[in-house]
Each structure stands twice: as structure tokens, then as C-alpha cells.
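In: sequence unknown, structure follows:
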């Protein structure tokens, strides 16, 4: 699959964008007109830069408001087109995107449109240019791709074809199956964009909220599958207007973009292999070979089986040790060669890393996931352009495959075991006498604060590299604004990751307000809480008003309510079961949560999140 | 008019919110349930805090999903209501908001709803509580205010009335005239919110994009006029869910909120006076006296007649002096007692203030506006809670009435003169020989960068205090993101202010990237540019690609195009006329623009703004 990206997806100048696209590994780019018009570089300079960077200049775009106009306007439009065709020749480009008219069209007549497009195609032919005509979702008269293609067929000129854009097709819910019937020679270009499903006017949606494939909710693999079946072999190019990407680091966004295409390529192959046409042909996974477009594959991974460990890091680790001890974790000793400690409670393993920069406050540094094959999972992540994290290892120590998540959390791909144990724990506490089997616990979920620039990138990262599934997002009120909360989890809930996007004010403030946490699940939360209290744990203090409201909502048994209140426990209930949980005070940017899931409760106590935020805000502001 | 505000409008804890509301001068507040539930303060504490602050506790809200339910659910809902009524008694509150059911209603039957609401009213009566039933715009069965009122009439119980919320009514485009027919005794509460006209689902619109009156596009004065005519005399209370306000400084947002109600009160009185019912009664401006609700008035001002001056400030003013000199401004001398200089070009007056903090870069510091009466305008602004700016004056010097705009620019209200001169200029350049009459010029517009937290506030400030009219906003692409651009102007265009909201990345970066400018209009831009070039002015360099595109778009006469290119002039044309302009290089955070308006061109060269942003970005990043 030939990969491409429109320069409008990225921040910066044309030169910065081109360099970032080359670094990210794109085959070609679409030049957005405004990027050229505002550039100090001549068309010849741009052509040379592209050649030096090994980037194809695949599409000049867009040419707006051409068709369905009065004769006077047609003349002016042809003059304008002629100027652009000459410019393209200087750039060494041969394909231009012409969008269906949204503004100046006054005549709704396919015959007229076809004759005007024929004139354009003729002029394009004189310049050796191919015109890719695309139906914009909000085109005045032409707004669906089949209509655009009918016009291309009516004109029947070698220099006129169509451009298929997933946004314009999927935002209008057009059926994508008929794509397969389009003559592949007439598909001059394919643009892809994903988007969250929003109910707003399609123009605003398109201009601000598009995201890269895998970051939204469109069925892009299916769209691409139809394109591949049609026999298309040209560029598959990202055209994503997104307010955040336009502000973010150019190179980083380009890498995120490239990751989305690599992932889309794999998903498209999977969709092709899984759909009935191929299945009926009995070709199994090799079926994609029948199509002219070659789709690359990635090393395959299953979703992780569980958390292997969580790692917290600090210059002074005393507070972390105290908290874990009070929660009931046992100290399993120090590593034989590194300045790290292991604390466990059943299968919940927490590493305390003492190798932090001086004065750095406690923070979540790394997460380990149990996977079938760390090497295969790491190969997949690296092919998806995840940065590798290297850790020093000595002879006889387990080598961890590590990658860096968008928020810089280190992700380690660990060898899972059938009984949930981890072999590397033997590297800790040599000669130390272990305490008797403590209460059982597992890591239930981890909540990571995400910088606003990298939220969508994080969703794609965990989806593509770790096979986690994004759930519908929630918004939680806090005293400093709404917190966007995105759960990523495995189908069985064994791994649950919550990505929180803090309000801008918090994001700008010190790291301290940017809190993250690790939650552990136990079988008997009330007993755990009592033990912790007896060990002197500082609980997050829940207001009395909360318990009155809880009672008004749930009509709880008075003794149970008293216990909740006595122990600062929070409570939730839904049709599937019950949820009890408590939080510790925060140290640095980290706090811990203990939870008990009763029945099939599958949530995170969302109604209680505002209480947690308010109390944490209050304690922070009182200091 | 009794003023109120819901605590959900503001950031912070309940206590912080209550204090901010008292400081801003609100009569009462609505307590949003979550703010109480998450508060460490008991209901009795909250009651005492409110009493101490002189704040009424006017509404407890909201009670959700009561009506149209099965008998089982009704029982649970009544139990929950009973708990809340008891809580209200501890708070000393007597009115609760009950919203029409959006989630749990399963029976669409007005008789049933009425009987269930009657049960609720009976229970409320036992506790001395009044229930204000409100139709949410997205209520499952009840979503218009007339329906809600019909139910109230059916129940006919002294403890059941209705709540009118402008958002729920105007977002659905319900006719507001029938409000006048509602029995005033049955209107228990009125909530007001404004909003920009967005085409998105009404729930998202409501939860994220509401703004304070005067900051959006709803016809709120008319809505309030009908409410006043109905005979309502209770609180008029803001309920504004806004993602930005929830993150902003609590006290400042509360003041902005209060300003919006003061302004709304005046606008409502105006609407009442202007509408035919009253006009027919021949009561003129005194007509509002016929209504039970007393509407306060403000000192009246007309829109400003023009800019009186613009002031730039720096520690080292050499660069500013050089730029103005090169543009053709004449030095009119120093002030007789202050460290400021006056530079003029016709009626365009620029003050260079040397009293800046050490090392501070050149920046726009103040703007003067010509008004009919500075004292009346200042009184109005101060009643609208604009902070006063005091400047030292000596005997015999003109006293400027100054207020501070939301972005801290100082706004001076100056005495206009019929011939556009300013009396205070005599305080400058005593004994200095003036140069011969220079070319004529006026300040055409001023472009101010706004912090993201104060954008809506700025719109209301200039609307209410300075009688400028907001125009439809535009979004301009720049290499570091989209720039939101909001023009505020007088009806004749004599005063034009452009408020620019920079992308977050810029806002976080150094002030240097946060550029602002002053534009001067001249009669012959080409001559002005040639003279400036001869004086060595450093123009913003416009890329050659721009002129090629210009030619493709406008088919310009080759000689004219060559002149534009030679002088780095930008060009735009529309049905009304033509626009020529150029920019200077930036010093500190300021640059200047010279414009020529031909015909009735009324814009700002919007198609050229991306070019300006790109070149400025490029020169900044190359340094």
C-alpha cells in the first residue's frame, strides 16, 4: 500500500511538514494549496526538496468550486485551472483534487456539469494533468461518491477520474459496497480519515474533529476493503483536519499518522480475509493476494492476559513504601543488581524504582503486561513505530521488551504464565525470608493522565500495539473543569487502562495536580480497609454529604452505610453488581485505590469520580 | 431584578464559589447538588456561610428523572425526594428544580405524570418546599415549556410551579410569546443562559457551549421581556455549563456572569420599551413601570465615534520610534510631565510609553476611544463592573477615564471632537516646531490577542461597556493551529476591533509569539509604501507564490501585480470594493499594518491572514 498524507494534517511550515513526513516514512504527500502559497520556497525548490527527501508529490489540493456554474464563471475557473496546471508542471505533479462545488454552483444539471468537467479534463490533458473529482459531503448539488463517479463516467475522458474520501462517504452513512463496482482505472486517488461519531453539522465536524484511522469510530477497514476489491493500487493518503494535530509537534504527529496507516493496512487485510466473498472462495488468510494492492501484515498479538507489574519511581521512596505497607503489600526485597524494590500482594506486583532524578516526586513510571510472546509483541509495536525503551540487564536476568507510550510511560511486554506468577521476581530479595502468603490481590486498573496533545495518539497506540479496545468515553466534572476519561480494556476485563485528559488549567499547572493512580482488586474490601486503617493509612476523606446522597439514591442497609462511612469507602451499584472502593492520599502525583467488584460489576464507580476530584482538589488547595 | 447564579457555572469548591458570588454582588445562588455532595461542609455550615455572605440560597438543583415512571420507581423517587426535602430544610432552602424525565420515564401519559407530580407536590408541601418543574430540551416525553406548564395547571397544587430556562426554550426555537400567558404565581424560577448558534445535538450544546447573556446569539432580551410581562418577580439566575468557565478563575468568572445580568436587565427594559404593546400604550421609556419586576437601568452611551489614540509601551522604545518614523509618522514631542511621546499621522495618534518595566518588550498597552461623554461612559462601564484604571494627572491636564479590558489592555474613554482632533495633544511637545501637515491617516483597526480563558468575557465587555457589535467569527489557519478571529465594530466601521484567540500552543509559549497590531488607513497605500521603503522600513516579506495565486484568482493588470509584488503589498477584492495592505516586521509583540480601503470594502483581507501568520511564524522560527 502506498502511503500518503496531506500537508494540512500537520503544524508548521511546508518545509517542516515535508521533513517530518519523510522521517515518519511516508511514500508521498498531498500539497495543500495554502501551504505552498504561504511558503517562501518556489515550486522548483519544493520539487527538489521532495526529491531529496524521497517523497512523492502525489496530489495538489484542492481546486474548489469549479462545476455547475454560469459561462462567465466557467471562463474564470478555466483560467484559474490553467494557472494551477502550469504550477503543477513546475512542481512535477500530475494529479489535482477538484471538489464538488459548495459555493458558486447555480445550475443543478448533470449534463452541464459533465460538459464543464469535460472542458476541464481537456485542458488538464494538454498539461498532462489528471483531475480527481471528489464529492464533498456538503457539496451543493454533488455530495455522494456515486454521483461524482456517474459524472466521471459521463465525461469518459482519460484525464478525469474520481477521488474517494472516507470522511465524505462515511459521515453521510453512504453504503460503501458499491465502491467495488467502480472501474479501478477511474479511481485517481483515495483519502482516508477517521472521526468520532458526533451529531453536528458535517462541515464543522469535518474541519475540526477528523482523526487518524483507529482514533475514531468509522468502519475504515471495511471502506478500504471495498477499495482494494475494486482493484485500486494508488496512494492511500490521510486528509485529517484536526484542531489539536494542527497545534502539535510536527514530527510526532507525522509518526502517529504513519502508525494509523500501518494499522489500517493490517485491519483492511483482516476484513478482506474475514468477509464472506473471500471466505466462500476458501482462500483463508491468503486471499488478499488476489487483489492488485499489496497489503503488508504485522506480527500478530492477542490482547494481554493481565498486568504483570506496575512501577512507581521517586527520588525519596519512603512515602511510597509506607503507603504500600499500610495497604497490606509485603516487601519482597531488593533487586540483585538494580536500585529497585519489589512489593507484592498476591499477584499484584509493584516495583519501587529508586533511580529517579534528584527531587523528583513519586510518579507512575512503567507498566508490565502479560503477553504470549514478548518478542513478537515488541516486533509488532516497533513496526508500529513505538519508540523502544532500553533497560540495562545483567547476565541471567530476564530481558524486558520495552516501548514508550505517548505520555512517556514505559510499557514492558512480559512473558505471561498460566498461574499468574512472574519468573523475574526471583531476581529480588535473595536470602530474604518471605512473609506468609498475604491476602490475594490483582492490579484491577491503572489510570494515566494524558497530555492534551497526545490523547488521540494514545488511543491508537494502545489499540494498535497492545490490542486494547477503546470504550465509549465519559466526562467527569471536577472543580477545575471537565475531565475526559477514556477506558481501554481487554474483552475479559483482565487489563483495564483509563486515560484521563485533564482540563487545560491543570495541564498547565505543576505536575503535582496531574494525578495518576493504580487500583488493586481484593476479595474483601471492608477487611482490607480495616487492616489498612489499623496500620495507620491516610485515606482520602469522603464528605458526610456523600453518604447522605448515597442513602437517598440506594436505600442502603443502615449498618452497611455506617461501615462505608466509617472507612471512607465509596459505593456504586448497577444492574450487574456492586462496586466498593477507597483511595489513599496522594504522594507526589500518585495515589492508590483498592476495589472490590461484586457480581459482574464492570465499571469504575464513575458517579464517585467527581467526589474524588473535589476532595483531592480541596486538599491540594488547602496546603 | 433579583440576580442569581448556579454554582455549576463556576470552578472551585462550593465555598470558593459562594465567596466569589458574594464578591460579584449576586443576590442569591442555585446550589448544584454535586457541589454539596462533594463538599466537606455540612448543610448547616453552608447555610451559615450563605447568611454571613449575604447570599440567598434560592434553588436546590437538580432533581432528575422523577415523572412518567412505573409504580416501583415512583416509590423510590418519592423516597429520594423526601431525603432531599429534609436536606433542604437543613440548608434553609425552599425551592427545588425538578427536570422532566430524560432517562427512566417509560409511560407517556399526561394524566399519569400529573398524578405523580401531584404526589410529589403533596410531599413537598409537608416539608414547606416548592417544586419548580422544568422541561428539558431533550426530555423523553416532556421537552417544551408549554407542556410542562400544562402539567402544572393540571396538578393545580400550591407547591408545584414551573421553571423557565432560556436555553431549553430557545435551543428548540419554541415561540416565547406564550410565556406572557403563564400565571406568574406558577413561575417558581427563571434561569437564563445564552449560546452561540451551533448545529449539534442539543445535549452536547447545552453541556459544553452555553455562555453568559451577551456572549452568544440567543434573543434573551425578548425572552426576559415576556417573562417580565407575565408578571414574574423572582430570581433571574444564570445556569451556564461551559467548559472554559469551569476551568477559569472563580472570582473573575463570577464578575463576568454578574456583568451579563446587569446588561441583560438593561436590554430587557429596552426591548419592553421598544415593542409594540408598550409603544401602543404610549408609555415610552417609562412603560416598564407597569410591570411588577423592577428593571434597573444603566447610564446610556452611543457607540464610540472613533479611536482617539493607541498606546504602545516598552522599556526600550527605539525600535517603535524607528518603525513609526519609517511609516511616515511625525514626532510631536514629549509629554510635559510624563515619560511618553506622541507620534501622529493625520488623525492617527500613537503614544509611545517609556514607563514600562525593565526588559519588557514592545506591546500594545492602551486604546483611547472617542465618546460623547467620558464621565457617563465611565459610569456605565463601572456599573458593568469594569475595573478602573487610574493614571496620575497634573493640574491642567486632561483627566482620562480608564477601565481595564479582560486582556488587561487599558481602555480610555476620551472626549471626541467634531473635527477628530484631541485637546490633550497640547500637553505634548511644548516649544517644539511641528512639521508640515503630514499625509492623512486614521486608526483603521486594532487587533488584540486574547487569552483563551477570557475570550467570551471580552466579547461581552466590548458589547456592554463600549457598545461595539460582535460580527460572525472567522477561523484562520496558521502554522501553529487555527486562530479564532472575532470582529467587534461600530455600525459605521469607525471603530473596528479584532479579537484573536490564539491556539493553545501559542498561548502557552512566550509572549513573543502572541502578536498584536495596530492598522492605519491611508488614502494612497502605494505612495505610503514607497515612502516607507525609501525610509528603510522592514516590510513583512510576502512569498512570490502568493502573487501567482493572486493572479490566478483575480486576473490582475500585470503592472498593478508587479507593484504589489515589488512593495510586499497584499490584496483582496469583493463585491463592495478593494483592499490593499502591508505589514511591518514585528518588534516585541507588536507590529503595524497600513491599509487602503477602495470603494466600500468592509473586511480585513481575511484570505491574506494565513499568509501573514505563516511568514511571521517562519521568521520567528528562523531566528
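Out: That came through, no problem. Just so we're clear, the structure is a prediction, and the values are computed from it rather than from any experiment.
In: residues touching the residue lying closest to residue A:398 once chain neighbours are set aside, list them.
Out: Leaving out its chain neighbours, the residue that sits closest to residue A:398 by Cβ to Cβ, 6 or more residues apart in numbering or on different chains is residue A:424, at 4.2 Å. (Each C-beta comes from the backbone N, C-alpha and C, glycine too.) Residue A:424 sits next to A:397, A:398, A:400, A:414 when contact means Cβ atoms under 8 Å, 6 or more residues apart in numbering or on different chains.
In: now look at the longest helix anywhere in chain A and say if it contacts chain B.
Out: For chain A, the helix with the greatest residue count under DSSP state H is helix A:250-274. No. Among the residues of helix A:250-274, none lie within reach of chain B under Cβ under 8 Å from any Cβ of the partner chain; the closest is 9.1 Å away.
In: buried residues in that helix?
Out: Residues of helix A:250-274 classed as buried: A:250-273 (neighbour count, 16 or more other Cβ atoms under 10 Å in any protein chain shown).
In: from the contact counts, what lies against it?
Out: With contacts defined as 3 or more Cβ pairs under 8 Å, 6 or more residues apart in numbering or on different chains; DSSP states H and E, helix A:250-274 has these neighbours: strand A:2-6, helix A:14-24, helix A:220-230, strand A:235-238, helix A:455-466.
In: tell me the secondary structure for the residue nearest to residue A:398?
Out: Under DSSP: H, G, I helix; E, B strand; the rest coil, residue A:424 falls in the helix class.
In: how close does it get to residue A:372?
Out: Residue A:424 sits at a distance of 17 Å from residue A:372 (criterion: Cβ to Cβ, to the nearest Å).
In: quick one: contacts for residue A:226?
Out: Taking Cβ under 8 Å, 6+ apart, we find residue A:226 in contact with A:176, A:177, A:179, A:180.
In: just the buried subset of the residues you listed, please.
Out: For these, a neighbour count by 16+ other Cβ under 10 Å gives the buried set as A:176, A:179.
In: circling back: most neighbours among the contacts of residue A:424, please name it.
Out: Each of these was scored by neighbour count (other Cβ atoms under 10 Å in any protein chain shown); the top score is that of residue A:414, with 25 neighbours.
In: doesn't residue A:367 make contact with that one?
Out: No. Counting by Cβ atoms under 8 Å, residue A:414 stays clear of residue A:367, with 9.9 Å between them.
In: joint contacts of these two?
Out: Taking Cβ under 8 Å, 6+ apart as the contact criterion, the common neighbours of residue A:414 and residue A:367 are residue A:309.
In: quick one: buried residues of stretch A:554-566?
Out: The neighbour-count criterion (16+ other Cβ under 10 Å) identifies A:554, A:556, A:561, A:563, A:564, A:565 as the buried residues of stretch A:554-566.
In: next one: phi and psi at the closest residue to the fifth one other than its chain neighbours?
Out: The one in question is residue A:564. Spatial nearest neighbour of residue A:564, excluding adjacent residues (Cβ to Cβ, 6+ apart): residue A:571 at 5.6 Å. The phi and psi values for residue A:571, taken as degrees, to the nearest 10, are phi -140, psi 140.
In: okay, now whatever residue of the stretch 401-550 of chain A ends up closest to chain B: neighbour count?
Out: Using Cβ to the nearest Cβ, the point where the stretch 401-550 of chain A gets nearest to chain B is residue A:481, with a distance of 3.7 Å. Here the number of neighbours of residue A:481 (other Cβ under 10 Å) works out to 24.
In: wait, it touches residue B:243, no?
Out: Yes. If you go by Cβ under 8 Å, residue A:481 and residue B:243 touch, sitting 6.7 Å apart.
In: mutual contacts of those two, please.
Out: residue A:503.
In: hmm, residue A:245 is touching residue A:9, no?
Out: Yes. When contacts are counted by Cβ under 8 Å, residue A:245 is listed as touching residue A:9 (6.0 Å).
In: which bits of the stretch 501-623 of chain A sit near chain B?
Out: On the criterion Cβ under 8 Å from any Cβ, chain B has as its neighbours in the stretch 501-623 of chain A the residues A:503-505, A:508, A:541, A:543-546, A:548-549, A:551-553, A:555, A:610-611, A:613-615, A:617-618, A:621.
In: compute the first-to-last residue distance for stretch A:380-389.
Out: As for stretch A:380-389, its first-to-last residue distance stands at 14 Å under the measure Cα to Cα, to the nearest Å.
In: enumerate every residue touching residue A:527.
Out: Listed by Cβ under 8 Å, 6+ apart, the contact set of residue A:527 reads residue A:439.
In: run the last query once more with 10 Å
Out: Contacts of residue A:527 were listed using Cβ atoms under 10 Å, 6 or more residues apart in numbering or on different chains, and they are A:328, A:439, A:596.
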